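Novice: 3D, please:
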Amino acid sequence: MAKVSSQDLGSQPINKLLIKQAVPASIGILVMSLNILVDTIFVGNWIGSTAIAAINVVLPVSFFIAALGMSIGIGGSSIISRALGAKNNEKALTTFGNQITLTLLLTVSLVVLGLLFTDSIILSFGGKGAIFEPAKIYYKIVLYGVPFLALCMMGNTVIRAEGKPKFAMYAMMIPSVSNLLMDYIFINLLDFGMEGAAWATSISYIICFAFILWFFLSKNSELKIDVFHFGLNRSIVSEIASLGFVTLSRQAVVSITYLFMNNILFDLGGETSVTSYAIVGRMLMFAMFPVLGLTQGFLPIAGFNYGAQNYARVRETINTSIKYAMGLATLVFIVLMIFPEAITRMFTSDVSVLNQTPNDMRWVFAATPIIAIQLIGAAYFQAIGKAIPALLLTLLRQGLFFIPLILILPKFYGELGVWMSFPISDLLSTLVTAYFLNREVRKGLIEQLI
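Specialist: Reported below is the predicted structural model:
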């Protein structure tokens with residue numbers, strides 16, 4: 001593998017650089033998403049459709065705690081990218097040390113609280129009826145591995161901020177492959193049921209952590225921190241928090257969305273509707289992998305060049321990223337509009353789920369071609385360190401539009417109103433993001449070039 005330097009972010013052609021950054025990120029997200037997808041297929045076929053709904057109840061809780069690591073990672077990585085661009089290596093090192101300390105303190109504390117209030121949390125997130133017991137089994141075991149997942153998410157963004165996207169890709173692939181292998185052993189061969197699925201997931205997080213730890217201890221990383229870098233620095237913690245709060249808020253809103261969706265759908269259609277949502281949710285994670293990967297690749301390039309005050313490259317990065325992302329999103333849209341029935345059959349043979357899910361899936365993905373503008377637009381403000389607009393634009397879709405819609409529309413259209421809320425919120429959030437992104441580019445970049 002050729003030696004990659006963070007300084008390449010400011011010198012290589014944008015097209016080539018974006019592909020170099022986005023392809024490994026996309027592959028990593030693909031493998032991770034494929035892991036979740038296949039894991040759900042295994043659970044649905046080897047345990048039952050109710051087990052799919054049970055995992056769907058647990059995911060928003062465990063992923064919210066783990067998202068602390070991602071939030072600290074993305075917030076700190078924005079600082080690291082700009083610090084490396086400005087050749088301020090000491091600030092980059094201190095930021096990384098503070099990221100590790102914050103991730104450990106916060107995630108371990110939340111896991112302890114999560115285990116103390118297990119039953120009430122599961123019930124709150126829709127773990128009712130036949131869903132409760134398998135959800136409880138899965139929840140308690142998976143939570144033990146969540147701090148490792150948080151450290152992986154944090155470390156992965158830092159690896160990418162260093163300009164090492166291939167290692168970030170490996171970090172996402174290793175636990176995914178190991179999880180699928182252990183799923184087969186624990187669920188199919190040893191017949192451990194939900195416990196087997198949970199232990200396979202937790203062990204895979206630990207394997208991922210071991211790889212990331214090796215990366216930072218090896219010569220591959222430029223960030224060689226000392227013990228004193230772990231001491232919390234008030235100004236850096238404040239900046240990490242303000243930028244990371246964007247990602248954390250997004251995950252918090254995602255978790256709240258799951259809370260509302262699972263409860264609303266259970267009341268409207270029972271376990272079948274919750275299972276349908278679980279399948280559609282997995283496809284949301286999986287099918288959007290190229291667009292999400294491109295967004296991940298966009299962040300360090302935009303942040304580095306903004307820190308280096310190379311505004312022409314920043315503008316080119318935005319335009320190229322949106323163009324590529326819209327093309328990829330359109331391909332996703334076409335596939336999901338044509339093959340929703342075949343996709344659903346991969347997860348389950350339950351007739352009621354097979355009859356309902358394809359139509360639900362078409363509604364959810366109806367506005368997919370335009371969502372790239374919203375993702376890149378919100379990511380841009382985060383990359384350049386503007387936390388408030390990044391936060392507001394990130395919360396637009398689910399927080400400001402989607403949640404109110406799923407509370408209002410079902411009163412008039414029943415369960416159909418829930419699924420209609422997806423494309424309406426996508427459209428509204430994209431229009432607002434496009435307006436603010438265009439204004440920021442004109443004032444923050446074009447005027448700097450004149």
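Novice: Strands of this protein, residue ranges please.
Specialist: Counting by DSSP state E, the chain has no strands to list.
Novice: longest helix in it, by residue count?
Specialist: helix 234-287 (DSSP state H).
Novice: residues in contact with the closest residue in space to Ile122 that isn't next to it in sequence?
Specialist: Leaving out its chain neighbours, the residue that sits closest to Ile122 by C-beta to C-beta, 6 or more residues apart in numbering is Ala135, at 5.1 Å. Quick note: C-beta positions are derived from backbone N, CA and C, even for glycine. Listed by C-beta atoms under 8 Å, 6 or more residues apart in numbering, the contact set of Ala135 reads 53-55, 57-58, 122, 127.
Novice: any chance of the residues you listed in TSV, plus neighbour count, distance to Thr94 and pLDDT?
Specialist: Conversion of the contacts of Ala135 to TSV gives the following (neighbours: other C-beta atoms under 10 Å; distance: C-beta to C-beta, whole Å; pLDDT from 0 to 100):
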residue	neighbour count	distance to Thr94	pLDDT
Ala53	32	45	84
Ala54	32	42	87
Ile55	27	39	86
Val57	29	39	85
Val58	27	36	85
Ile122	23	40	91
Gly127	28	42	83
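Novice: Next step: these restricted to helices.
Specialist: 53-55, 57-58, 122.
Novice: would you turn those residues into CSV with distance to Ala168?
Specialist: Output for the ones in helices among the contacts of Ala135, formatted as CSV (distance: C-beta to C-beta, whole Å):
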residue, distance to Ala168
Ala53, 32
Ala54, 31
Ile55, 26
Val57, 30
Val58, 26
Ile122, 33
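Novice: and which of the residues you listed is nearest Ser349?
Specialist: Checking the ones in helices among the contacts of Ala135 against Ser349 by C-beta to C-beta gives Ala53 as the nearest, at 15.5 Å.
Novice: contacting residues around the closest one?
Specialist: Ala53 neighbours (C-beta under 8 Å, 6+ apart): 131, 135, 271, 274-275, 278.
Novice: and with 7 Å instead?
Specialist: Shown in contact with Ala53 (C-beta atoms under 7 Å, 6 or more residues apart in numbering): 131, 271, 274-275, 278.
Novice: Could you dump those residues into CSV with distance to Pro300 added?
Specialist: Output for those, formatted as CSV (distance: C-beta to C-beta, whole Å):
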residue, distance to Pro300
Ile131, 40
Glu271, 43
Val274, 38
Thr275, 38
Ala278, 33
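Novice: Narrow these to just the buried residues.
Specialist: Neighbour-count burial (16 or more other C-beta atoms under 10 Å) is assigned, among those, to 131, 271, 274-275, 278.
Novice: For the residue nearest to Ile122, give me the pLDDT.
Specialist: Listed pLDDT for Ala135 reads 90.
Novice: can you check the one 4 residues further on too?
Specialist: At Tyr139, the model reports a pLDDT of 91.
Novice: Number of residues surrounding it?
Specialist: Counted with other C-beta atoms under 10 Å, residues neighbouring Tyr139 total 26.
Novice: what's near enough to touch it?
Specialist: Residues in contact with Tyr139 (C-beta under 7 Å, 6+ apart) are 58, 61, 118, 122.
Novice: all helices of the stretch 51-200 of the chain, in order?
Specialist: 89-116, 118-124, 132-161, 165-183, 193-217 (DSSP state H, counting those that start in this stretch).
Novice: Quick check: which of those helices is nearest to Ala312?
Specialist: helix 132-161 (21.8 Å).
Novice: Put together TSV for the contacts of Ala135, with distance to Met420 on each row.
Specialist: What follows is the contacts of Ala135, written out as TSV (distance: C-beta to C-beta, whole Å):
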residue	distance to Met420
Ala53	22
Ala54	27
Ile55	26
Val57	24
Val58	27
Ile122	29
Gly127	26
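Novice: which one of the residues you listed sits closest to Tyr205?
Specialist: Using C-beta to C-beta, the contacts of Ala135 come closest to Tyr205 at Val58, 14.0 Å.
Novice: quick one: contacts for the closest one?
Specialist: Val58 is in contact with 135, 138-139, 142, counting by C-beta under 7 Å, 6+ apart.
Novice: Tabulate these (JSON lines), appending distance to Ile206.
Specialist: Formatted as JSON lines, the contacts of Val58 follow (distance: C-beta to C-beta, whole Å):
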{"residue": "Ala135", "distance to Ile206": "22"}
{"residue": "Tyr138", "distance to Ile206": "17"}
{"residue": "Tyr139", "distance to Ile206": "18"}
{"residue": "Val142", "distance to Ile206": "12"}
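Novice: Closest one of these to Ser242?
Specialist: Once C-beta to C-beta is applied, the member of the contacts of Val58 that ends up nearest Ser242 is Val142, at 29.9 Å.
Novice: any idea how far that closest one lies from Ile240?
Specialist: 26 Å (C-beta to C-beta, to the nearest Å).
Novice: Check the closest residue to Pro358 other than its chain neighbours and give its pLDDT.
Specialist: Leaving aside its sequence neighbours, Pro358 sits nearest to Pro340 (C-beta to C-beta, 6+ apart; 3.7 Å). Looking at Pro340, its pLDDT reads 92.
Novice: Just to check, Pro340 is in contact with Met361?
Specialist: Yes: using C-beta atoms under 7 Å, Pro340 makes contact with Met361 at a distance of 4.3 Å.
Novice: Those two - which one has more neighbours?
Specialist: Met361 (24 against 21).
Novice: who's in contact with that one?
Specialist: By C-beta under 7 Å, 6+ apart, the contact list for Met361 reads 280, 283, 336, 340.
Novice: Any chance of those in TSV with distance to Lys91 as columns?
Specialist: Output for these, formatted as TSV (distance: C-beta to C-beta, whole Å):
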residue	distance to Lys91
Val280	43
Met283	41
Leu336	44
Pro340	49
